[in-house]
Structure formats: C-alpha cells, structure tokens
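In: mind folding the following:
(one chain, ligands or ions: 1)
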Amino acid sequence: MEIHASWAPVFFFVTWTLAERFFPRVYPPSSGIADWALGVLSGLLLFASLVAHELGHAIAARWRGLTVYRISLFLFGGMVDIGVDEGNASDEFWLAAAGPAVSLLIALLWAALWVVAPGLDSQGRAMVLYLGVSNAILATFNLLPSYPLDGGRILRSALWSIGGDVSRATRFAQLSGQAMGGVILIAGVVWLVRGNVVDGGWLAALGLFLVLAARHAIPRSLLLPS
Ligand SMILES: [Zn+2]
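Out: Residues are numbered from 1 along each chain as shown. As a prediction, this is how the structure comes out:
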C-alpha cells in the first residue's frame with residue numbers, strides 16, 4: 001500500500017477543523033486539549049475508513065480472480081491498480097461497488113453504536129456522529145454516476161454489459177461525469193455570487209474536479225477503480 005504525500009496536509013486540515021471548529025461547536029463546552037486529542041483520533045479513524053474502502057475494492061478484485069498490483073491513497077481518495085486488460089463488465093461492477101458498500105457498512109456500524117450506546121459522553125457522541133456521517137458522504141459521493149468515480153464505473157459496467165462495447169460505454173460514462181460536474185460547478189458559482197463564498201466555492205471546486213477528472217480519465221487499464 002502506498003500513501004501519497006498530499007495526505008499529510010489533508011490530515012492536518014481535517015484534525016484542525018475537527019478540533020477548532022466541529023467539536024467545540026457541536027458539543028460545547030469543551031477543553032482545547034480534549035478537542036485536539038479527539039480530533040487526531042477522529043482523523044486517524046477517518047483515514048482507516050478510506051483504507052477500508054480501498055481494501056473493499058482490492059478484496060473484490062482478488063475474489064474475481066484479478067491481479068492487484070498496488071493500492072494507493074492520495075488527496076481525493078485512492079486507487080487500486082490491477083492487471084491491464086483483465087476482467088469483464090461484471091468484474092468491473094463488483095470491483096466498483098465493493099468500495100462504497102464497505103463505506104456504507106462502516107456508516108451503519110457507527111449509526112448502530114450511536115443507538116446502542118446512549119451512555120457515551122458528549123465528545124464521544126460527536127466523534128461517532130462525525131465518523132458515521134463522513135462514511136455515508138464518502139459512499140454517496142463515490143456513487144455519483146460520474147466516471148472515474150465508483151458510480152461512474154458502475155454505470156460504465158452496465159452500459160458495457162448491455163451494448164458490449166467498452167470504449168463507447170467509457171465515453172458515455174465520461175460524458176455523464178462532465179455533465180454532472182458542470183451542473184455542480186454552475187450551482188456552486190451561483191451560490192458563490194449570491195454571497196455564500198465558502199460553501200459556493202467548495203461546491204464549484206468539486207464540480208470543476210469532476211469535470212476535469214472525467215475529461216482526463218484515460219483508462220490505463222481496463223479496470224481501474226478509484
Ligand atoms: Zn472507491
């Protein structure tokens with residue numbers, strides 16, 4: 001497993017946001033040191049959730065009899081490299097679906113802990129809430145039908161299976177990603193000019209990321225789930 005250097009600032013940013021913004025606001029009053037300790041712990045658990053998501057893809061690949069060369073984690077998620085020109089449409093489907101399925105399962109486990117452990121103190125509940133919601137968002141975001149996200153790969157596998165033409169299926173899934181990214185980008189810009197600079201800016205950046213990712217996604221191998 002390879003961890004890209006871009007993860008260090010992301011980890012710091014996540015921990016800082018949690019310690020200085022999220023925990024003090026969700027469950028005040030709190031002490032600075034406790035918030036930072038909880039921030040670091042939550043950051044590490046979030047990181048473990050991402051690793052579990054990628055391992056879901058890798059385990060599905062092994063189960064389908066494909067060769068897994070490398071698992072790498074970088075800024076916006078991860079990637080599982082498998083053998084060039086291996087697999088078919090149903091392999092692609094299971095590979096793509098396995099990651100979001102793991103994230104969803106983790107979200108449900110945190111939700112179950114929230115329900116069965118009402119005795120947790122307020123900071124503990126804030127952490128459980130944060131991790132449950134983060135994993136649900138991770139699953140939902142990755143399921144957007146926007147190639148090369150997992151949802152885009154599921155769409156591609158369906159089109160591939162129906163039409164039998166992998167390059168046409170890829171082009172369509174890329175177009176779907178660009179269209180979806182374009183709509184999110186425009187919504188973000190409208191929100192931004194209406195005065196919500198931070199949220200609008202984030203949404204616009206996300207839309208732009210989807211458009212560029214879909215445009216430049218050239219399948220290095222037949223199957224390359226993110
Ligand atoms: Zn994934």
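
In: phi and psi next, for V68.
Out: Main-chain torsions, V68, degrees, to the nearest 10: phi -100, psi 120.

In: one more: D121?
Out: Note on D121: its backbone torsions stand at phi -70, psi 170 [degrees, to the nearest 10].

In: for whichever residue of the chain sits closest to the ion, give me its contacts.
Out: Closest contact between the chain and the ion, by CB to the ion, is at G99 (3.0 Å). All C-beta spots, glycine's among them, are computed from the backbone N, C-alpha and C. Shown in contact with G99 (CB atoms under 8 Å, 6 or more residues apart in numbering): H53, E54, G56, H57, N142, D150, P225.

In: mind listing what's buried in the lengthiest helix in the chain?
Out: Scanning the chain for the helix with the most residues, using DSSP state H, yields helix 32-63. Buried residues in helix 32-63, counted by 16 or more other CB atoms under 10 Å: 35-36, 38-39, 42-43, 45-47, 49-51, 53-61.

In: ok, now stretch 159-176?
Out: In stretch 159-176, counting by 16+ other CB under 10 Å, buried: L159, W160, V166, A169, T170, F172, A173, Q174, S176.

In: just to revisit the earlier point, from the contacts of G99, which is closest to F209?
Out: N142 (13.1 Å; CB to CB).

In: so the closest one touches G151, yeah?
Out: Yes - the pair N142 and G151 qualifies as a contact (CB atoms under 8 Å) at a distance of 6.4 Å.

In: common neighbours of the two, please.
Out: In contact with both N142 and G151: P100, using CB under 8 Å, 6+ apart.

In: of all the buried residues of stretch 159-176, which two lie farthest apart?
Out: V166 and S176 (15.5 Å).

In: show me what the longest helix of the chain is packed against.
Out: The contact analysis (3 or more CB pairs under 8 Å, 6 or more residues apart in numbering; DSSP states H and E) places helix 32-63 against helix 7-16, helix 23-26, strand 68-74, strand 77-82, helix 89-116, helix 122-142.
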